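model this:
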Amino acid sequence: MAERAFDCVGVRAEAYAAFPTLVFRLRVTDPSPDGVHSIALRCQIRVEPQLRRYGDTEAELLGDLFGDPSRWGDTLKPLQFANVSVMVPAFTGSTEVDLPVPCGYDLEVAAGRYFAALDEGEIPMLMLFSGTVFARVPGGFSVSQVPWHHEARCRLPVAVWRELMDRYFPDSGWLRLRRDTLRELGRFKSARALTSWDETLELLLKEARR
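Next up, the predicted model:
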């Protein structure tokens, strides 16, 4: 007997959100002839880094996450990306719904560092579904849970991620530093009459290379 299914049919960068947001397009299929009244759907999204290849520059930048590439057979483990929820409205047969996923650009978060290190290609992801289904039955409604085995795979193009980040943080990124570190950087910047934090860090990098 056919059972309920969840699939991801695409992902895009939301153009008009107040905060960086990816929108995953989900297709939900249910074989019940009476249809579904609604689904309170939860979705956990994981990155599966072991399912793609990496260029030399990407591998170098990913060293702090996964270590030396010679060890990647053991260290390329799934990364947690998001836990989000959405209400699926009433339908019979199948329907499609948008699943918005707010995103940050925090390079201290493992998934953020992973995304920032990639130059091209696609990011393999696994979507794990759970939640509550409210279904129509003769004379009323039934309530059941979405079984934990429901999942879907999708691939986020790196170009879509970069489009999203460039829309909100054009040609820039963010680092969180301790307050005392910021004060020392400020002293260094002021003592050398530097005009920007970029100049400050570039000079420090040059001195470190010497």
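
how about the helices of this protein, start to end?
56-61, 63-66, 72-75, 110-117, 158-168, 179-191, 197-209 (DSSP state H).

Show me which of those has the highest average neighbour count.
Scoring these by mean neighbour count under mean count of other C-beta atoms under 10 Å gives helix 110-117 as the most buried, with a mean of 19. (Each C-beta comes from the backbone N, C-alpha and C, glycine too.)

Output the contacting helices and strands for it.
For helix 110-117, the packing partners by 3 or more C-beta pairs under 8 Å, 6 or more residues apart in numbering; DSSP states H and E come out as helix 56-61, helix 63-66, strand 79-88.

For it, what is the distance to the chain centroid?
Centre-to-centre, helix 110-117 and its host chain are 9 Å apart (C-alpha atoms, centre = their mean, to the nearest Å).

What of stretch 148-161?
9 Å.

re earlier: between the helices of the chain, which gets nearest to Pro102?
Proximity to Pro102 (C-beta to C-beta) singles out helix 158-168 among the helices of the chain, at 10.8 Å.

Against which helices or strands is that closest one packed?
Using 3+ C-beta pairs under 8 Å, 6+ apart as the contact definition, the elements that helix 158-168 packs against are strand 5-13, strand 21-30, strand 122-137.

who does the first one pair up with?
This means strand 5-13. strand 21-30 (antiparallel) (DSSP bridges).

Name the spans of the protein whose pLDDT lies under the cut-off.
Low-confidence segments of the chain (pLDDT under 70): 1-2, 105-108.

and with 80 instead?
Residues of the chain meeting the criterion pLDDT under 80: 1-2, 104-109, 136-141, 171-177.

List the contacts of the most centrally placed residue in it.
Nearest to the mean C-alpha position of the chain, by C-alpha atoms, centre = their mean, lies Phe81 at 4.6 Å. Taking C-beta atoms under 8 Å, 6 or more residues apart in numbering as the contact definition, Phe81 lies against 45-47, 101, 111, 125.

Please parse the chain into its domains.
Annotated domains of the chain cover 5-175, 177-210 [automatic domain parsing].

What is the neighbour count of Arg155?
Neighbour count for Arg155, taken as other C-beta atoms under 10 Å: 16.

Hmm, I typed the wrong one, I wanted Leu118.
When neighbours are counted by other C-beta under 10 Å, Leu118 registers 20.

I'd assumed Val158 was in contact with it.
Yes: between Leu118 and Val158 there is a contact under C-beta atoms under 8 Å: 4.8 Å.

any chance of the helices and strands packed on helix 110-117 in CSV, plus distance to Ala152?
CSV is the format used below for the helices and strands packed on helix 110-117 (distance: least, C-beta to C-beta, whole Å):
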stretch, distance to Ala152
helix 56-61, 26
helix 63-66, 25
strand 79-88, 14
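
closest one to Lys206 among these?
Closest approach to Lys206 among the helices and strands packed on helix 110-117 (C-beta to C-beta): helix 56-61, 19.6 Å.
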